[in-house]
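Student: missing the sequence, but the structure's below:
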């Protein structure tokens, strides 16, 4: 077996500190018969051409490249080996630029260090296996979970590129939370108006034929891996035929029963058959069997009798389970608001005029429970309002993080309240104020300049106490100096922390996708790869990954679409790296330690053979399972125990 060592001078980056001639002499003494060559710029076109020619001409079977970081040019040199007819994995790179020349002051020390590292690589490369990449067929289509701004933006981008997309939404409507809000920060744009072009394109646009929309649906099972997922979806019946319904709403009026409308934050009632709110899409009602008299044993068909289009309402519809195939899964289920009842001193749920930000949003909306009018529980317009920031945020007893968007909508409320009720007194109780961005400060500045707006800073949410005070709400608070003071207002708006949506844990378990310590879906890297989860092929977008506004959510939706479009190309096969873990089934005891430690969920347990199995599509070759296996039955290709031990011996010899 003939080994070739190629030393790159890299101009003076390496040659300025490391004596290549001394390296050549030392390596030749340690390994007689070895082939050593020095090249000025090995990564350049002349350098790679020389490498190919020299490999062929000297019958080299193993290659050591002493140059820069593998991150820079490992692929360059692997291509050169392939062009010379050598298996590219029969190569070992030694980083003598960043790890030696750039960090070692003394040239003698740098040369000695380089000699040891190259000698170690020579011993290691002799044990390398000629690994082969594998290719598999892929499905280029995608499944999106959640029909909010992020999910719909990703779905439309993919559909426009010709991909088939299935959108799974658990509610009867699409658009997420923003379509329920009348005006959005920072520029007070109409939420439904702003999102209508996106919703219209998804439902009726040129690319809508590539989008399958499944409302009232949830993902219940996922098998397979990147490029070839099979997803099981449970779909509850709407009892309304979307193809024939004309959205006239004639069926709603005759319905004899009502219940609280969760889409209005329980501030209004809805019928058993209803639209969640005016303007919701798809423009067709849905029937709630938990409320409908017909599903309670009574022979009621008033809604069907009132419908002008025969055959639109189907009481006999039943829940069904469907399967879809996709190469990638996009999670965009959005977020939720922290339960304000968890801060009992604020009186939420006890004092009638203490409302959450979500409830106040619906109160402001013209299609909301009060028709856009701000009213107390007594039906009167308030003369004073308190807005409490950071409810549950920046608090080790609740949520330690800052949600970022709460201050923005709090100052939006300040603006809208002043606009609807001129002269009303507004008081902001805040712990910290956040207004990043080139436009976001405008609403804050408007509040600061408003003579009817006051600011009070508190240190701890526990220092605020709310109780009834002569038909008003009395607020006791402790100012910065520690002195306790009081204020009475007609209404209080609570701005709670943004938290993961209900059902995040269950969906995470189905997808086997990790959540971070706050419960959000965990990204691959918080700065460089926030749109990818740690499971290859499962992407995250929007407020399910972290608290964020519409702009960031939709940008993340586009980032996810980019990942899918570039990674899953029709007609192209998926290339799988051979540098992954392999289980020796004869030695595996079936203890499942590897299953529990794998950060990429690449290892499963075969209950028939009672052994661990590695999915090489998901495996990233991190070696965690190799280190954890008590029986030593898992091998990491290209990083075997023998290879690593030989490298260590080479350095120490």
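Tutor: Good, I have the coordinates. Bear in mind that the values here come from a model prediction, so they are computed numbers and not experimental data.
Student: count of neighbours near residue 123?
Tutor: Residue 123 has 22 neighbouring residues, counting by other CB atoms under 10 Å. Quick note: C-beta positions are derived from backbone N, CA and C, even for glycine.
Student: That should have said residue 652, apologies.
Tutor: 9.
Student: How about residue 132?
Tutor: Residue 132: 9 neighbours (other CB under 10 Å).
Student: For the closest residue to it other than its chain neighbours, pull up the helix or strand it's in.
Tutor: With CB to CB, 6 or more residues apart in numbering as the criterion, residue 132 has its nearest non-adjacent residue at 5.9 Å, and that residue is residue 578. Secondary structure from DSSP states H and E places residue 578 outside every helix and strand.
Student: tell me how far the ends of stretch 141-151 are from each other?
Tutor: End-to-end distance of stretch 141-151: 15 Å, with CA to CA, to the nearest Å as the criterion.
Student: next one: stretch 541-557
Tutor: Start-to-end, stretch 541-557 (CA to CA) is 5 Å.
Student: and residue 436, helix, strand or coil?
Tutor: coil (DSSP: H, G, I helix; E, B strand; the rest coil).
Student: quick one, what contacts it?
Tutor: Counting by CB atoms under 8 Å, 6 or more residues apart in numbering, residue 436 touches residue 404.
Student: go with 10 Å
Tutor: Shown in contact with residue 436 (CB atoms under 10 Å, 6 or more residues apart in numbering): 404, 407-408.
Student: Check the gap between it and residue 444 for me.
Tutor: Plainly put, residue 436 is 11 Å away from residue 444 if you go by CB to CB, to the nearest Å.
Student: Okay, strands next: where are they in the stretch 551-653 of the chain?
Tutor: Counting by DSSP state E, counting those that start in this stretch, the stretch 551-653 of the chain has these strands, from start to end: 574-576, 581-583, 603-606, 611-614, 634-636.
Student: I'd like the mean pLDDT over stretch 310-326, please.
Tutor: Across stretch 310-326, the average pLDDT comes to 95.
Student: what distance separates that stretch from the middle of the whole chain?
Tutor: Per CA atoms, centre = their mean, to the nearest Å, the displacement of stretch 310-326 from the mean C-alpha position of its chain is 30 Å.
Student: so how far is the first residue of it from its last?
Tutor: 36 Å.
Student: got the end-to-end distance for stretch 515-531?
Tutor: First-to-last residue span, stretch 515-531, CA to CA: 14 Å.
Student: Return the set of buried residues in it.
Tutor: 515, 519-524, 530-531 (16 or more other CB atoms under 10 Å).
Student: same check, this time on stretch 212-223
Tutor: 212-219, 222.
Student: Ok, stretch 131-147 next?
Tutor: For stretch 131-147, using 16+ other CB under 10 Å, the buried residues are 131, 138-147.
Student: Check stretch 432-445 too.
Tutor: 433-435, 440-444.
Student: that older thread, what is the nearest of the buried residues of stretch 131-147 to residue 350?
Tutor: residue 146 (33.3 Å; CB to CB).
Student: Quick check: that closest one touching residue 333?
Tutor: Yes. With contact defined as CB atoms under 10 Å, residue 146 reaches residue 333; the gap is 4.0 Å.
Student: ok, the spatially closest residue to residue 3 that is not a sequence neighbour - how many residues close by?
Tutor: Counting by CB to CB, 6+ apart, residue 3 lies nearest to residue 62, which is 4.3 Å off, once chain neighbours are set aside. By the measure other CB under 10 Å, the count of residues near residue 62 is 22.
Student: now the one 5 residues further on
Tutor: In terms of burial, residue 67 registers 28 neighbours under the definition other CB under 10 Å.
Student: Beta-bridge partners for the residue lying closest to it once chain neighbours are set aside, please?
Tutor: Of all residues not flanking residue 67 in the chain, residue 8 sits nearest, at 3.9 Å (CB to CB, 6+ apart). Per DSSP bridges, the residues bridged to residue 8 are residue 39.
Student: circling back: overlap of the contact sets of residue 436 and residue 444?
Tutor: Between them, residue 436 and residue 444 share these contacting residues under CB under 10 Å, 6+ apart: 407-408.
Student: what's the closest of the buried residues of stretch 212-223 to residue 305?
Tutor: For those, the nearest to residue 305 is residue 216 (23.9 Å; CB to CB).
Student: surely that closest one meets residue 282?
Tutor: No. The criterion here is CB under 10 Å, and residue 216 misses it with residue 282 at 11.0 Å.
Student: any common contacting residues for the two?
Tutor: 172-173, 238.
Student: Enumerate every residue touching the residue nearest to residue 3.
Tutor: 1-5, 34, 86-87, 90-92, 121-122, 124-128.
Student: re the thing from before, out of the buried residues of stretch 432-445, the closest to residue 158 would be?
Tutor: For the buried residues of stretch 432-445, the nearest to residue 158 is residue 440 (30.2 Å; CB to CB).
Student: separation between that closest one and residue 451?
Tutor: 22 Å.
Student: Could you work out the most separated pair of the buried residues of stretch 515-531?
Tutor: 519 and 531 (18.5 Å).
Student: related to what we said a few turns ago, between the shared contacts of residue 216 and residue 282, which is nearest residue 592?
Tutor: Nearest to residue 592 among those, with distances taken as CB to CB, is residue 172, at 41.3 Å.
Student: hang on, the closest one packs against residue 280?
Tutor: Yes. At 7.8 Å, residue 172 and residue 280 qualify as touching, with contact defined as CB under 10 Å.
Student: Need the overlap of contacts for those two.
Tutor: With CB under 10 Å, 6+ apart, residue 172 and residue 280 have common neighbours 263, 274, 286.
Student: Tell me which residues touch the residue nearest to residue 132, please.
Tutor: 89, 129-134, 616, 621, 637-638 are the contacts of residue 578 under CB under 10 Å, 6+ apart.
Student: Check residue 514 too.
Tutor: 508, 521-523, 533-535, 599-601.
Student: Looking at the residues you listed, which are in helices?
Tutor: residue 508 (DSSP state H).
Student: of all the contacts of residue 514, which comes closest to residue 369?
Tutor: residue 521 (32.5 Å).
Student: number of nearby residues for residue 252?
Tutor: For residue 252, using other CB under 10 Å, the count is 16.
Student: Hmm, it is touching residue 276, no?
Tutor: No. The pair residue 252 / residue 276 is not scored as a contact, 11.6 Å apart, by CB under 10 Å.
Student: and for the two, which residues touch both?
Tutor: In contact with both residue 252 and residue 276: 270, 285, using CB under 10 Å, 6+ apart.
Student: list the contacts for residue 429?
Tutor: Per CB under 10 Å, 6+ apart, neighbours of residue 429: 386-391, 410, 454-458, 461, 463-464, 475, 477, 487, 492, 495.
Student: Now it: phi and psi?
Tutor: Phi and psi for residue 429, reported as degrees, to the nearest 10, are phi -100, psi 120.
Student: partner residues bridging it?
Tutor: According to DSSP bridges, the residues that bridge with residue 429 are residue 388, residue 456.
Student: Please tell me how far it sits from residue 386.
Tutor: On the measure of CB to CB, residue 429 and residue 386 end up 6 Å apart.
Student: Span of stretch 347-366 from start to end?
Tutor: End-to-end distance of stretch 347-366 (CA to CA): 27 Å.
Student: Enumerate the positions of that stretch that are buried.
Tutor: Those would be 347-348, 351, 353-365, for stretch 347-366 by 16+ other CB under 10 Å.
Student: right, and out of those residues, which lies closest to residue 296?
Tutor: Taking those together and measuring to residue 296 by CB to CB, the closest member is residue 362, at 28.7 Å.
Student: counting contacts, what elements does the secondary structure element (helix or strand) that that closest one belongs to pack onto?
Tutor: Assigned by DSSP H and E, residue 362 falls within helix 357-364. Counting by 3 or more CB pairs under 10 Å, 6 or more residues apart in numbering; DSSP states H and E, the packing neighbours recorded for helix 357-364 are strand 183-184, strand 335-337, strand 354-356, strand 384-391, helix 406-420, strand 491-496.
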